[in-house]
Each structure stands twice: as structure tokens, then as C-alpha cells.
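Peer 1: A structural model of the following input is requested.
(2 chains)
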Amino acid sequence: MSGSMISGLEGRYFMPRHIVLLAICALLAACGPNEVAVKGQFPSPLMNKLPLNVGIWYDESFRTHEFFDEAKGRAESGWIVKTGEAQTQMWDTLLPGMFSNVVHMRGKPEPGQMNQAVDAVLIPHVDELQYAIPTHTNVKVYEIWMRYRFELVTPSGKSLAEWTMTAYGKTPTAFLQSDEAAVNLAAVVALRDAGANFATNFTRVPQVQDWLAQRQKRPAGIAGGTAGNAEGSL
Amino acid sequence: MKFATVLRSALLTLALPLTGCVTATVDEMVFNAPVDGIGDASVVILGRRHASDYETEPDFIECVGDHIAARDKAITVVSELDFINALYPWFEPRTAPLYPEDLEKLMQQAPVAQRLAEMRTQYMIWIDGSTIRTDSAGSMTCGIGPGGAGCFGFGTWGNDSDYEATIWDFTNRAEVGRINATASGQSYMPAVVVPIPIIAPVQGTACDSVGDQLLKFLSSEH
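Peer 2: Here you go, the predicted structure:
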């Protein structure tokens, strides 16, 4: 490395500027934020299905949800945690195990929108995501915390219920485990926790309880309805 | 150059069998062990993960399971991940039963009761605890240059393991045993050109201690 030129393959010379360029590229890469696109496997819930025909609508912000945290100082690095794909994967696995029928809506439920006939449409939102890694807390665990907001609406967008729910996931440090892998694992645990929280507490949400009670009071045959005109069908 | 190579090889060879010392203590409190082992039923070992400041390591749970399965082939140990996936969402940190009486409520759900019957789970063992680094001292400097690379210095650190295993009898919905294992040890890493790790296998010793005690409980051969 001390000479001005380094002998390369086939007798050609590898200029030091190439090495400098490579070093600069490596340094620049090291300065970038840590990026995690959360990936995991999510099991289907083992429970009695609720006899409901539920629609699901994911907003663009939910489908492509990502969290960005800028580095606070030179010693720290920024983080981008992309959860959108894993979110939809988890909810698409969970909901069909909870309800007798689940459909993806053609459009966002709102007045005049032609949609499938369902009992209600669930719209999940991720309102907040926080993370902690051992360098932040001096505790030997990686953590992810999320706050969800759910809207339960009619196919024409009338609100039936709205509530928030938190989810938390952590994973211990492990030998030879990178920060990215640990944050991914913590996010998967948080998503599983979100599913567990939702599945076990859905019928305990007061507004949902009221809605379910109203449905039970109605004479048989009224439940269900037509797309775009479902206000009275619930 | 030759001397350095020989020195490195010698140091590496010396380092291989070196391990630090570990002190382990096991407290056992068994209420009702099966006389003839668990027969053809299965056992599942699960880690407690509801504490905020630590988490029972999944690899420790796997280690205890492997320890039992390797020493008594008749015992079927269900993998932790397979079990919690098969019974999702009832064994997540948020929803897992904390007391044997909670199993009764869980079994009222027909799909859960059916799945557990299919798995023939006789005993559920909850392990709670972790291994922590207690102290560390020393310093080490490593460098790289045209002539090679090397380190110089000395480092030492301690590890403490503390685990408690609680055995639940699934059939009777009762706690039938409790084992507590602690282990501590000091690891060293002197470095003269090559770092020589002298690692105290603290977590491994705790795993063996818990595994041996559980074997006495579960196996008719031990």
C-alpha cells in the first residue's frame, strides 16, 4: 500500500485512486442510516371465528409504512424501519382467522364509493412507532413500540367505532446478531403482539360491543346490504 | 516472520482447551414427580418474556430442550416456536397464562383444547431468567499495518445466570415442581498479538444444571 502503484492481475496496474474511491464509497455507506425492511412469518390465530363479514382497507400510508429516525450525533446512526409489507402480511393472516369472511375493499369506504357488501370495514393506521437499541438504553434488549388506531366503518364510511391499541416487541441481544437483525426480530414480535392484542380484545372494545349488541337485536335477514348503500344494512 | 507464525499457532493451540471457571448452584423443590416418567406424552419448554428489563433467551430454552431430548430419547420435547405458533395468540408475552389456574380458562376455548389434545402435552415448563454481564475491566488495543495485525492488552468480565423453571401438569392444571439454578463465572482475554479468549461457559452450565434436574423429574431412566 505504500507504493504509488500496486501490481494487479495480468501485469496491469491498479491505480491508488481506485482504492481511494472504494474507501470513500465504504465510508459513505457507513455514514448512511441503518435500514430494516421488516420480514417475518405470522401464524393464523387459533380461535372461534366471529360470524361477521368484514372488509379491510389499507391506506397508502399503512401499506408503505416506514419509520425514520435521524441520527442525533456523529456517534449514532439513523434508522429507517419499513414495516408496511409485514403489517399487511400479518393483518391478512390474522383477520381471516378471526372472522367468518374477510374481503379487501375495492376503494376507501366513503359515500358514493361502490364496494363489496360487508358488515363493516376495518381500517388500521400506525399512529406512532418508537424503537430502542442497547446503545440508547444500556439494557440488553432491542425494543419496538407501536400505537395503532383502528376505524370500524360501514362500507359507505360511517363510523361505527374508533379505538387505539399499543403493541410492543423486544428481543435480547445475541452473539453475532446485527442491530438490523435484532430490530427486525423485535418488530416481528411487536407485530405478533399487535395481532394477539387485537384478536383477544376486539370484542371488548366498548363501541364494538355496542355495535355487536345492536346487530344481535336486529331481526334476521336485515344484516348484510348492498355496496355503496350499506348505511342501513348494518 | 516464521517466528510470528509459530507463535500465533502455538497461542491458538493453547487457547482451544482453555475455559474459565464456573460456580453453579441448583435448588430443587419438587412436589409431585411422575414415577414412571411421562410415557408417550410430550413436554414443552417455554421462556417467560413479560419482564421489561430482561428476556429469557430463546437459545437457552432450546439448549434445555436439546439437553433433555439428547439424554432420554423417549421424551418428546415440543419446540417453543412450534408450540406458540400452533397456539397463537394464547402464548404470546401479553396473553400467556401466568398461573396454572389460567389454563382452565384457556381450555374453555374449543379449538385450543383440541389442539392441545392433539399435541398430547403433559407438562409445560416455564423458564424465567437471564444471563447478565456483571462487571468488566481491562483494555485491549488492536492495530493493523503493512506487516500484519495484532492486539495487545488484557480484558476480563463476569457473567451471572439465574433461571427458575416451573413445571405445570397440564392434566391436573397444577404446579408440580420448581427448580432454581444459578451460575457465575469470570472470563479472561489476554492478548499478545493474538487474543486468547478464556471463556467461562456460564449460560451453558446453567442450561446443563436445569436440564439435569428436569430429566430427573421427567425421565424414568434418571
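
Peer 1: Indicate the residue of chain A located nearest to chain B.
Peer 2: Residue of chain A nearest chain B, by Cβ to the nearest Cβ: residue A:196 (3.4 Å). (Each C-beta comes from the backbone N, C-alpha and C, glycine too.)

Peer 1: List the contacts of that residue.
Peer 2: Taking Cβ atoms under 8 Å, 6 or more residues apart in numbering or on different chains, we find residue A:196 in contact with B:88, B:89, B:92, B:94, B:95.

Peer 1: And residue B:145, what's its pLDDT?
Peer 2: pLDDT for residue B:145: 88.

Peer 1: hey, what's it bridged with?
Peer 2: Using DSSP bridges, the bridge partners assigned to residue B:145 are residue B:148.

Peer 1: Among the contacts of residue A:196, name the ones that also lie close to chain A.
Peer 2: Contacts with chain A are made by B:88, B:89, B:92, B:94, B:95 out of those, judged by Cβ under 8 Å from any Cβ of the partner chain.

Peer 1: Generate a ChimeraX selection restricted to the buried subset of those.
Peer 2: What follows is the ChimeraX syntax selecting those of the ones next to chain A among the contacts of residue A:196 that are buried according to 16 or more other Cβ atoms under 10 Å in any protein chain shown:
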select /B:88,89,92,94,95
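
Peer 1: In the ones next to chain A among the contacts of residue A:196, find the pair that's most separated.
Peer 2: B:88 and B:94 (11.7 Å; Cβ to Cβ).

Peer 1: buried sites along the helix or strand harbouring residue B:152?
Peer 2: Per DSSP states H and E, residue B:152 falls inside strand B:148-169. Neighbour-count burial for strand B:148-169, counted by 16+ other Cβ under 10 Å, picks out B:150-151, B:155, B:157-169.

Peer 1: next one: stretch B:114-133
Peer 2: B:115-116, B:119, B:121-131.

Peer 1: Check the secondary structure at residue B:61 for me.
Peer 2: Under DSSP: H, G, I helix; E, B strand; the rest coil, residue B:61 falls in the helix class.

Peer 1: Spatially nearest residue to it, not counting backbone neighbours?
Peer 2: residue B:47 (4.6 Å; Cβ to Cβ, 6 or more residues apart in numbering or on different chains).

Peer 1: tell me the contacts of that neighbour?
Peer 2: B:55, B:56, B:57, B:58, B:60, B:61, B:80, B:126, B:127, B:128.

Peer 1: Can you turn the buried subset of those into a selection I can paste into PyMOL?
Peer 2: Buried members of the contacts of residue B:47, defined by 16+ other Cβ under 10 Å, are picked up in PyMOL with:
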select buried, chain B and resi 55+56+57+58+60+61+80+126+127+128
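
Peer 1: Just the ones of the contacts of residue B:47 in strands?
Peer 2: B:126, B:127, B:128 (DSSP state E).

Peer 1: List, out of those residues, those positioned next to chain A.
Peer 2: Taking Cβ under 8 Å from any Cβ as the test, chain A is in contact with none of these.

Peer 1: So which residues of chain A form helices?
Peer 2: A:16-31, A:60-63, A:84-98, A:134-137, A:179-201, A:206-217 (DSSP state H).

Peer 1: which one of those is the most hemmed in?
Peer 2: helix A:179-201 (a mean of 22; mean count of other Cβ atoms under 10 Å in any protein chain shown).

Peer 1: That one to helix A:84-98, inter-axis angle?
Peer 2: Interaxial angle, helix A:179-201 versus helix A:84-98 (axes from the mean of the first three to the mean of the last three Cα atoms, to 10 degrees): 30 degrees.

Peer 1: Could I get the helices of chain A in JSON lines, plus columns for distance to residue B:27 and mean pLDDT?
Peer 2: Shown next, in JSON lines, are the helices of chain A (distance: least, Cβ to Cβ, whole Å; pLDDT from 0 to 100):
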{"stretch": "helix A:16-31", "distance to residue B:27": "49", "mean pLDDT": "56"}
{"stretch": "helix A:60-63", "distance to residue B:27": "50", "mean pLDDT": "95"}
{"stretch": "helix A:84-98", "distance to residue B:27": "41", "mean pLDDT": "97"}
{"stretch": "helix A:134-137", "distance to residue B:27": "31", "mean pLDDT": "76"}
{"stretch": "helix A:179-201", "distance to residue B:27": "31", "mean pLDDT": "94"}
{"stretch": "helix A:206-217", "distance to residue B:27": "47", "mean pLDDT": "93"}
